[in-house]
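# Need a 3D model of the sequence below.
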Amino acid sequence: MNKGKHLNKAPIASAILPVAIKKLLEALVYSSVFISCCAFALTLETYWLAGLSSSMPMAVFVFLATLFTYNLSSVQSIIRRANQQRNRQSESWVLRHKQSMAVLGVLSITSAIAVYFVFGLQINTWFILHLAVISIGYTVPVLYKKRRIRTLRSVPLLKVFLIAYVWAMVTGLLPLLDAGLAAGQPETWLFFARRFLFILALALLFDVRDYHYDRQMKTLTFPGLIGVQNTKILSLGLLVAYVALLCATEESTLLLALVASAVVAAAVIIFASEHKPRLYYLLLVDGAMLVHAGFVYLATR
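Presented below is the predicted three-dimensional model:
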């Protein structure tokens, strides 16, 4: 009799496990913890590529700042509509957990400030300030003389360049400056250009994902201008330019690791379409950055 009870529990347990994994995956992805881990990994990767000692406080600072930036819209929404009721019935994970994401955003920026002061991070104020203006302006509309100025992300064709610029600055240039490298050195800007091209190639895919939504909102993006397939070709072309820069600046095992990561990114680009589920982009496109860092880690051990 007891044996029968145990047999009945087995299928129940096997059914519950995938549901729990799915919920955990959704929480990591939609709360932006996953993409913040990607920023953390790319920051450490920069130290590895440059042959410098890694700064864990700087990597943690980048993780927390990224987490705040990606949850900023939830923070703004809660501040503007403090009495808004939680929508538990919504199909959207983000809408169901908007208050939690706002709390996460506040905690992350508070923790980032604490890390900055406790570890005495040497970050140029103007460097951080201009990135903060871009990041906030990307999400939050500005009121000027009672007129609502649209967000930077709604400016035609600008979104992907802003994403690539901020990511290349934060995960590429910031660690190099932290390690004492001069901003005017050609090697520093070559590294920035490499990171910019790689991120830009991936960022274009989010325009592919949002193709139908952007058309409804009348926001001009690259897929709306040149079509989805041509946008993917452009993205692959950027990866080719990235590999060309790699061949000019890297060699041996590191070059193979970086080229391999570009091949993985190319596969993600080839199979992308406007009909792919949101998780395809949040896991695989963002995950290409994690693969990138993982290959470099293996190559430098």
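# give me every residue that touches the residue nearest to residue 261 when sequence neighbours are not counted.
Using CB to CB, 6 or more residues apart in numbering and skipping the chain neighbours, the partner closest in space to residue 261 is residue 292 (4.0 Å). For every residue, glycine as well, the C-beta is placed using N, CA and C. Residue 292 is in contact with 42, 45, 198, 258, 261, 264, 265, counting by CB atoms under 8 Å, 6 or more residues apart in numbering.
# quick one, strands of the chain?
Using DSSP state E, the strands of the chain run over 142-144, 147-149.
# just flag whichever of the ones you listed has the lowest average confidence.
The minimum mean pLDDT among the strands of the chain belongs to strand 142-144 (a mean of 52).
# ok, and the closest non-adjacent residue to residue 232?
The shortest distance from residue 232 to any non-neighbouring residue, by CB to CB, 6+ apart, is to residue 269 (5.7 Å).
# Need the pLDDT of that neighbour.
Model confidence at residue 269, given as pLDDT, is 94.
# when you give positions from now on, start the count at 735
Yes, from this point I'll number from 735; that puts the last item at residue 1003.
# how many other residues sit next to it?
23 (other CB atoms under 10 Å).
# So it sits against residue 970, correct?
Yes. With contact defined as CB atoms under 8 Å, residue 1003 counts as touching residue 970 (5.8 Å).
# shared neighbours, these two?
In contact with both residue 1003 and residue 970: residue 935, using CB under 8 Å, 6+ apart.
# contacting residues around residue 887?
Counting by CB under 8 Å, 6+ apart, residue 887 makes contact with 872, 873, 893, 896.
# Going by distance to residue 1007, which of those residues wins?
Distances from residue 1007 to these, taken as CB to CB, are shortest for residue 893 (19.0 Å).
# ok, which stretches of the stretch 785-934 of the chain are helices?
Taking DSSP state H, counting those that start in this stretch to define them, one finds helices in the stretch 785-934 of the chain at 790-804, 806-814, 827-830, 832-852, 859-873, 893-902, 908-912, 920-943.
# For residue 965, which of those helices is the nearest?
Ranking the helices of the stretch 785-934 of the chain by their distance to residue 965 (criterion: CB to CB) puts helix 920-943 first, at 5.6 Å.
# Could you give the average pLDDT over that closest one?
92.
# That one vs helix 893-902, what angle?
140 degrees (axes from the mean of the first three to the mean of the last three CA atoms, to 10 degrees).
# what comes up buried for helix 920-943?
Of the residues in helix 920-943, 922, 925-943 count as buried by neighbour count, 16 or more other CB atoms under 10 Å.
# Below-threshold pLDDT in the stretch 735-884 of the chain: ranges please.
Low-confidence segments of the stretch 735-884 of the chain (pLDDT under 70): 735-751, 812-829, 875-884.
# just checking, residue 933 touches residue 895?
No. If you go by CB under 8 Å, residue 933 and residue 895 don't touch, sitting 10.1 Å apart.
# before we move on, the earlier item: just name the closest of the contacts of residue 887 to residue 752, please.
Nearest to residue 752 among those: residue 873, at 33.5 Å, using CB to CB.
# For residue 766, see how far away that closest one is.
12 Å (CB to CB, to the nearest Å).
# between the two, which one's more packed in?
A count of neighbours by other CB under 10 Å puts residue 766 above the other of residue 873 and residue 766, at 26 against 17.
# which residues does that one contact?
800, 801, 804, 805, 835.
# now the residues you listed: which count as buried?
The neighbour count (16+ other CB under 10 Å) marks 800, 801, 804, 805, 835 as buried among the contacts of residue 766.
# Could you dump those residues into a markdown table with distance to residue 905 added?
Formatted as a markdown table, these follow (distance: CB to CB, whole Å):
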| residue | distance to residue 905 |
| --- | --- |
| 800 | 9 |
| 801 | 14 |
| 804 | 14 |
| 805 | 18 |
| 835 | 22 |
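# Kindly indicate which of those residues lies nearest residue 913.
Proximity of the buried ones among the contacts of residue 766 to residue 913 (CB to CB) peaks at residue 800, which lies at 19.7 Å.
# Relative to residue 923, how far out is the closest one?
For residue 800 relative to residue 923 (CB to CB), the value is 23 Å.
# Also residue 847?
Distance, residue 847 to residue 923, using CB to CB: 29 Å.
# To what extent is residue 972 buried, counted in neighbours?
When neighbours are defined as other CB under 10 Å, residue 972 has 22 of them.
# Contacts only, for it.
Neighbour list for residue 972: 931, 932, 934, 935, 938 [criterion: CB under 8 Å, 6+ apart].
# Need those residues in a markdown table (columns: distance to residue 755).
Output for the contacts of residue 972, formatted as a markdown table (distance: CB to CB, whole Å):
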| residue | distance to residue 755 |
| --- | --- |
| 931 | 35 |
| 932 | 30 |
| 934 | 32 |
| 935 | 30 |
| 938 | 30 |
